[in-house]
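Asks: Sequence and predicted model, in that order:
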Amino acid sequence: MSFPLKGKVAVVTGAGRGIGAAIATALSREGAGVALIGRDAGRLEKQAAELSTDALVAPADITDPESVHKAFAIIRGRFPRIDILVNNAGQAESAPFSRTDLALWNRMLAVNLTGTYLCTREVFLAMLKQDYGRVINVASTAGLVGNAYVSAYCAAKHGVIGLTRSLALEAAKTAVTVNAVCPGYTETDIVKNTVANIMAKTGKSEAEARAALTSHNPQGRTVLPEEVANAVLWLCLPGSEAITGQPISVAGGEVM
């Protein structure tokens, strides 16, 4: 069997569940060693035990610079270098702008944008020096278009896209690429919570709430975590070297 990522080391944030777990599984399946970052050490350990290659758990709060630095120190103590970083950890909260207080605003920017910055700065210079790296930011279709009632989340994800493009240009003369994958509504805890909120606020059934979420998706469905993981994997595999600075929509044609 061919393992195109054998010898590579990947770090995945928010790796304990959902999209992050699917990404860790996909990278491991292709031979990469994987370091899993997240807040729930128990869940990370369970996920690591299911991987087929060398795996390391490094619990961290990605909004805390010291916590992030300690996690990457643990990773560097185990692996000689980091080849792939997937900034997947994120959080979504909704509210009309008139009820978006500073605390909500700061939470959305901290976990979705500042966390991406903190983790990327731990590896970016080393990737440039080793003349190889893949940085993939899991953004959202909310980073490509505007959505009502999630202004803070949209602002943060638009920021992730801007950061992606800027870093891609800084690294363009090297073998380091920086891209973003932008899922639509995906079968994760975020979507489950969104469906529950719609049901609670509108009295809709679960089926009606899900239909409302997917009404702008030409395929009429939610995305699977494995479909997002496959897009991330493609950006890590040989043959993707010319793809950089791109926000790639994984959303059933929702954004064209």
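Replies: Structure's in. What do you need? Keep in mind that what you see is a predicted model, and the values were worked out from it rather than measured.
Asks: for the stretch 101-250 of the chain, what spans make up the helices?
Replies: 102-109, 115-121, 124-130, 151-170, 189-202, 206-213, 225-236 (DSSP state H, counting those that start in this stretch).
Asks: Now mean pLDDT, mean neighbour count and distance to T141 too, for these, in CSV please.
Replies: The way it works is simple: take the backbone N, C-alpha and C, and place the C-beta from them, glycine included. Shown next, in CSV, are those (pLDDT from 0 to 100; neighbours: other Cβ atoms under 10 Å; distance: least, Cβ to Cβ, whole Å):
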stretch, mean pLDDT, mean neighbour count, distance to T141
helix 102-109, 98, 15, 16
helix 115-121, 98, 22, 17
helix 124-130, 98, 16, 25
helix 151-170, 98, 20, 8
helix 189-202, 84, 15, 13
helix 206-213, 87, 14, 12
helix 225-236, 98, 21, 12
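Asks: Quick one, which of the ones you listed gets closest to R78.
Replies: helix 124-130 (15.1 Å; Cβ to Cβ).
Asks: From the contact counts, what lies against that closest one?
Replies: The criterion is 3 or more Cβ pairs under 8 Å, 6 or more residues apart in numbering; DSSP states H and E, and the helices and strands that helix 124-130 contacts are strand 133-138, strand 176-183.
Asks: quick one: which of the ones you listed is nearest I82?
Replies: Comparing these by their distance to I82 (Cβ to Cβ), the top pick is strand 133-138, with 7.7 Å.
Asks: Neighbouring strands of that closest one in the sheet, and parallel or not?
Replies: Under the criterion DSSP bridges, strand 133-138 sits next to strand 84-87 (parallel), strand 176-183 (parallel) in its sheet.
Asks: Give me the distance from the shortest one to the chain's centre.
Replies: Between the mean C-alpha location of strand 84-87 and the chain-wide mean there is a distance of 8 Å, by Cα atoms, centre = their mean, to the nearest Å.
Asks: got the contact list for that strand?
Replies: Counting by Cβ atoms under 8 Å, 6 or more residues apart in numbering, strand 84-87 makes contact with 5, 8-13, 20, 23, 27, 32, 115-116, 119-120, 123, 133-138, 160, 232, 236, all of which sit outside it.
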